[in-house]
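Participant: Here is my input; please provide its structure:
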Amino acid sequence: MDRRRALADFLRSRRERVTPRDVGILPGPRRRTPGLRREEVAQLSGISVTWYTWLEQAREITVSHQVLQSLARVLLLSPAETRHLFALAEETPVREAPAVPTPGLQRLVDALDPHPAYLVTPTWDLVAWNRAEAGLLGDPAAWAPADRNLLRFTFLEPRARALLADWPDQAHALLEQYRASADRHAGDPRFGTLTRELRAASEEFRTWWDAHDVADFRPARRRFDHPRLGRLSFDYVKLHAADAPDLSLVVCLPADDETAGRLPDLSA
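Facilitator: Model (predicted):
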């Protein structure tokens, strides 16, 4: 039911963003519905109004690939949003993330020093990091175990806003990826607990969460105003381990010569 509700909410949020003119419909003078009407989506997708209404009511019905592709086309979904739609509709099984990394993964993270590197679960819990990452964010070993989470750090830790030079961009991009993962893991209590906590504590998180924006990870340049080393710029790379597919390895590569020259001081 949680997954069907997530699918219903996602479809409704995308439908309300598409204007009639976006799909070649002339809006009437008394139109009050934001975006497209359900019957318009149904007609353009080649399905019945009743069937589409059931989708937005989270009814238990089977959805074919052809219909999903038609809905993605009509709702003007991005490639990431299309993959998200298919994942929600196809009941992708949820795997439990391991609590600790394998010894090999821990050695890999350590070996990447002085480049900041870390391992995260689908809920963005930090399960491993190297000295450079500790020098960049502050040592997670000194944090309470429940606080070793990048979403909590980004949205709830006051110093994160000073450290992340482009905080709104970084925070929003992180939430988009988390939202996609949370919807695909609908019903997983780990996501439910974290989401409720962040919605209650952060106005930005609550506003962006309710917008239903989703995205895949994409290589990005992030800037930091480090309290000791000044401005640092990194290009982010993300990988998945074959022996622990629910863990993601994130590596920060220096984006300029100044940052590269300061890496030894970062991990000192």
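
Participant: remind me which residues of the stretch 51-200 of the chain are low pLDDT?
Facilitator: 91-99 (pLDDT under 70).

Participant: Could I get the full set of strands for it?
Facilitator: 117-120, 126-129 (DSSP state E, counting those that start in this stretch).

Participant: Tell me which of those lies nearest to residue 257.
Facilitator: Comparing the strands of the stretch 51-200 of the chain by their distance to residue 257 (CB to CB), the top pick is strand 117-120, with 20.3 Å. In short, each C-beta sits where N, CA and C put it, glycine included.

Participant: Centre-most residue in this protein?
Facilitator: residue 177 (1.1 Å; CA atoms, centre = their mean).

Participant: so that residue touches residue 217, yeah?
Facilitator: Yes. Assessed by CB atoms under 8 Å, residue 177 is found in contact with residue 217 at 5.8 Å.

Participant: just the helices in the stretch 151-268 of the chain please.
Facilitator: Assigned by DSSP state H, counting those that start in this stretch, the helices in the stretch 151-268 of the chain fall at 158-163, 167-184, 189-201, 203-210, 257-266.

Participant: Please identify the deepest-packed of the ones you listed.
Facilitator: helix 167-184 (a mean of 20; mean count of other CB atoms under 10 Å).

Participant: Now tabulate the strands of the stretch 51-200 of the chain in CSV and tack on mean neighbour count.
Facilitator: Converted to CSV, these look like this (neighbours: other CB atoms under 10 Å):
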stretch, mean neighbour count
strand 117-120, 23
strand 126-129, 22
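
Participant: So which of those is nearest residue 211?
Facilitator: Comparing those by CB to CB, strand 117-120 comes nearest, at 23.1 Å.

Participant: May I have the closest one exported as CSV, CA atoms only?
Facilitator: Only the C-alpha atoms of strand 117-120 are listed here, as CSV (Å, rounded to 0.1, in the frame of the first residue of the first chain):
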residue,chain,number,x,y,z
ALA,A,117,35.9,9.1,0.4
TYR,A,118,33.0,7.4,2.2
LEU,A,119,30.4,4.7,2.1
VAL,A,120,26.7,5.3,2.6
